[in-house]
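Student: Next come a sequence and a model predicted from it.
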Amino acid sequence: MTRRSDLRLIVTFALLTFLLTAGVILAWENLLLPPFYSWVDARYPGEANVQTRWNIQQRVEHFFISITVDVVVVTLLVGMLRAQQRRLAQSEGRYRSLFEHARDGIGVVHAGSRRLIEANSKFCEVLGCKPPEVIGRKLDEFLRTPDAPRPPLISELLDSGKSGEGEMSILTAGGASLPVSFSFHSLSTEGEEELLTLIIRDLSSRKRLEAENEEIQRQLFQSSKLASLGELSAGVAHEINNPLNGIINFAQLLKDEPAPRSEFEQQMIDGVIDEGERIAQIVRGLLTFARNDSQELHRVRLEDAVKASVALFGRQLEKDGIRVEVEFAADLPPMRADASRLRQVVVNLISNAHHALREKPPRAGEQKVFRISARRVVAAAGVVVRTEFYDNGAGIRREDLGKVFDPFFTTRRETGGTGLGLSITFGIIRDHGGTITVASEEGKFTRFTMDLPAAGAYEIEGVEYV
C-alpha cells in the first residue's frame, strides 16, 4: 500500500513538473524573452559579439526556467511536508493525550533489556512513584511482589516472549501490597527491536467491593438466621407460658390449702410462686418484643419501654456484676411513637452496653455501671424527651466513632455481632423525627444521647403541658 502511494506521488510530481516547465517556457517566450533579447543586443552589439549574445541568452533562459520550476516544486513539497508534520503532530498529540489519560497504567518495555522506556501517569500512580524513578530501569528493579522480588508470572511471559495476562499483588514504592491485573502485548515497529506494552490496572476498588458484597451477603444470611431465631423464640415462649401458668397455679393451690406446714415448706412454696411469676414476666416481655406490631404511632411512656426491656436483661446484668441505674425526671412527658420499635431501640442500646461492660477487664474497686436517665428538654424544634444510655465499659475507638451507625459495621465480628443494631436504631429514631448521638472514650465510657419529640399535649400530676 505504501509503495503504491509513493508511486502515485512520483507520477503526480513528474506530471506537475512537466506542466510547470511548459507554463514557464510559454511565459518566458511571450513575456520576458523579447525585452531580454533586446537588452542583450543593445549591450553587446555587432558581429563580434554574436556568440557572446547567444551564450548569455541561452544560459539565462535555461537558468530562469530551471530555477522557477524548482522554486515552485520545492514550495509545493515544503507545503505538503508541513501539512504532513501538522497531521503527525496532531496524531501524536491525540496519542499522547489518550496515553496519559488512560484509566490503566501503560508502560512500554524493551523486550531485550526488559527496561521500561516509557510510562504514563497512571502507571506511576499505581506503583506509587514518579516517572524518573522507573523510566530506564529494569522491571525486576521496581515491579516486586510481597512473596518474591521478581513476579514469577511476569517472568515466565517475558522469557517466553508471548503475550499474556494475569492477576497478582505487587509492592508499591511505599511498601504497601496492591492487587493488580496486568497484560503483556508485543508492539511491532519497523527497523527497531521488539517492544512490549505492559498494562497494569489497580484492582483494589474492585476487590474491596467484592469483599463488601461478600460481607453483606454473610450479614444478610446472619440476619435471616436471627429472624428465624426470633420466630422460634416467640414460639418457645408461647409453649413455656402454658406449663408455667400450671406450675404457678399448682403452687398457689398448695399455698392456699389449709394444711400444717413447716416454715421451710412454706418458703419453698412461696419461692416457686415468686420465681414462676418472674419467669412469666420475662416470657411476657419476650412475647411483647417479638410481636409483629402494625407500626402505628401512639402516646407511649418511655418508662414502660425501659422497664420491659431491662426485665429481659435483668438476670444477665446481675450475673455479670453490673449495677443498673434508672433515673426519670418527674415531669417526663409521653411521646408519640411506635411502642414496639421504641422497645427495639432500648433493647439494642442495652445490649450494646452489656457487651461493652463484659468486654472491659475488671479493675479493683471499680463497679460496672449502666445508667439510663431521661428528662424533659426544650429544644429549637419543641419539647423533646432526652434519654442518655451511659456505661463505663470498654468504650469505642476514636477512629470508629463516625462509623457506629453504618450498616454492618461491628467491632464484635468474632463474637457474632451483625452490625445492624445501631443502624436500625438510627433509622427508627430518624423515622420518629428524633436524633441520636454518641460520645465515647476508649477504655472509659460510652454515652448515647437520644432525643425524641414529646406528644403534642400531655398532663403530669394534674398540670397540662403543651
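Tutor: Yep, that arrived.
Student: As a check, name the ranges of all helices in the protein.
Tutor: 2-27, 33-43, 50-100, 121-127, 131-134, 139-142, 152-160, 204-256, 263-290, 302-319, 339-359, 421-431 (DSSP state H).
Student: and the ones you listed, which one's lowest on average pLDDT?
Tutor: Lowest mean pLDDT within the helices of the chain: helix 152-160, a mean of 61.
Student: Spatially central residue in this structure, please.
Tutor: Per CA atoms, centre = their mean, the C-alpha nearest to the average position across the chain is that of Ser205, at 6.5 Å.
Student: how much space is there between Phe389 and Gly443?
Tutor: Using CB to CB, to the nearest Å, Phe389 is found at 18 Å from Gly443. (C-beta placed from N, C-alpha, C; glycine too.)
Student: ugh, typo on my part, it should be Asn30
Tutor: To Gly443, Asn30 is 109 Å away according to CB to CB.
Student: So the two - more neighbours on which side?
Tutor: Between Asn30 and Gly443, counting by other CB atoms under 10 Å, Gly443 is the more crowded of the two (12 against 9).
Student: Now do that one against Gln367, distance only.
Tutor: 16 Å.
Student: before we move on, what about Pro179?
Tutor: 49 Å.
Student: the more surrounded of the two?
Tutor: Of the pair Pro179 and Gln367, Pro179 is the one with more neighbours under other CB under 10 Å, namely 16 against 9.
Student: Contacts only, for the more buried one.
Tutor: Neighbour list for Pro179: Glu167, Met168, Ser169, Asp202, Leu203, Ser204, Lys207 [criterion: CB atoms under 8 Å, 6 or more residues apart in numbering].
Student: Of the residues you listed, which belong to strands?
Tutor: Using DSSP state E, the subset of these located in strands is Glu167, Met168, Ser169, Asp202.
Student: Residues in a beta bridge with the last one, which ones?
Tutor: In other words, Asp202. Beta-bridge pairing of Asp202 under DSSP bridges involves Val180.
Student: doesn't Phe182 make contact with it?
Tutor: No: under the criterion of CB atoms under 8 Å, Asp202 makes no contact with Phe182, lying 10.8 Å away.
Student: more crowded one of those two?
Tutor: Phe182 (23 against 17).
Student: do you know how far the more buried one is from Gln84?
Tutor: Remark: distance between Phe182 and Gln84 (CB to CB) = 37 Å.
Student: same check, this time on Ala381
Tutor: On the measure of CB to CB, Ala381 and Gln84 end up 73 Å apart.
Student: cool, Ala259 as well?
Tutor: Plainly put, Ala259 is 121 Å away from Gln84 if you go by CB to CB.
Student: burial count for Arg208?
Tutor: Summarising burial for Arg208: neighbours were counted as other CB under 10 Å, giving 11.
Student: Sorry, slip of the keys, the one I care about is Arg43.
Tutor: Neighbours of Arg43 (other CB under 10 Å): 11.
Student: Distance to Ala455 for the helices of the chain - can I get that in a markdown table?
Tutor: Converted to a markdown table, those look like this (distance: least, CB to CB, whole Å):
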| stretch | distance to Ala455 |
| --- | --- |
| helix 2-27 | 88 |
| helix 33-43 | 117 |
| helix 50-100 | 64 |
| helix 121-127 | 58 |
| helix 131-134 | 67 |
| helix 139-142 | 68 |
| helix 152-160 | 68 |
| helix 204-256 | 29 |
| helix 263-290 | 21 |
| helix 302-319 | 11 |
| helix 339-359 | 13 |
| helix 421-431 | 16 |
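Student: who's in contact with Ile350?
Tutor: Listed by CB under 8 Å, 6+ apart, the contact set of Ile350 reads Ser309, Val310, Phe313, Phe370, Phe389.
Student: one more time with 6 Å, if that's ok
Tutor: Ile350 is in contact with Ser309, Phe313, counting by CB atoms under 6 Å, 6 or more residues apart in numbering.
Student: and if you look at the one 5 residues further on?
Tutor: For His355, no residue counts as a contact, taking CB under 6 Å, 6+ apart as the criterion.
Student: measure it to Leu76 for me?
Tutor: Distance from His355 to Leu76, counting by CB to CB: 87 Å.
Student: Can you list the buried residues in stretch 435-449?
Tutor: Residues of stretch 435-449 classed as buried: Thr435, Ile436, Val438, Ser440, Phe445, Thr446, Arg447, Phe448 (neighbour count, 16 or more other CB atoms under 10 Å).
Student: And stretch 12-20, by the same measure?
Tutor: Residues of stretch 12-20 classed as buried: Leu20 (neighbour count, 16+ other CB under 10 Å).
Student: how far out from the middle of the chain is that stretch?
Tutor: Relative to the centre of its chain, stretch 12-20 is centred 66 Å away, using CA atoms, centre = their mean, to the nearest Å.
Student: Please apply the same query to stretch 41-61.
Tutor: 92 Å.
Student: Run through who's touching that stretch.
Tutor: In contact with stretch 41-61 (CB under 6 Å, 6+ apart) are residues Val40.
Student: got the CA coordinates for that stretch in CSV?
Tutor: The C-alpha trace of stretch 41-61 is given here as CSV (Å, rounded to 0.1, in the frame of the first residue of the first chain):
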residue,chain,number,x,y,z
ASP,A,41,21.6,43.1,-28.3
ALA,A,42,21.9,46.6,-27.1
ARG,A,43,24.5,45.7,-24.5
TYR,A,44,26.7,43.6,-26.9
PRO,A,45,26.2,45.0,-30.4
GLY,A,46,28.0,44.0,-33.6
GLU,A,47,29.1,40.8,-35.4
ALA,A,48,32.0,40.3,-33.0
ASN,A,49,29.5,39.7,-30.1
VAL,A,50,27.2,37.2,-31.8
GLN,A,51,28.5,34.2,-29.8
THR,A,52,28.5,36.2,-26.6
ARG,A,53,24.9,37.3,-27.1
TRP,A,54,23.9,33.7,-27.8
ASN,A,55,25.6,32.3,-24.8
ILE,A,56,24.1,34.9,-22.5
GLN,A,57,20.6,34.4,-23.9
GLN,A,58,20.7,30.6,-23.7
ARG,A,59,22.2,30.4,-20.2
VAL,A,60,19.8,33.0,-18.7
GLU,A,61,16.9,31.3,-20.4
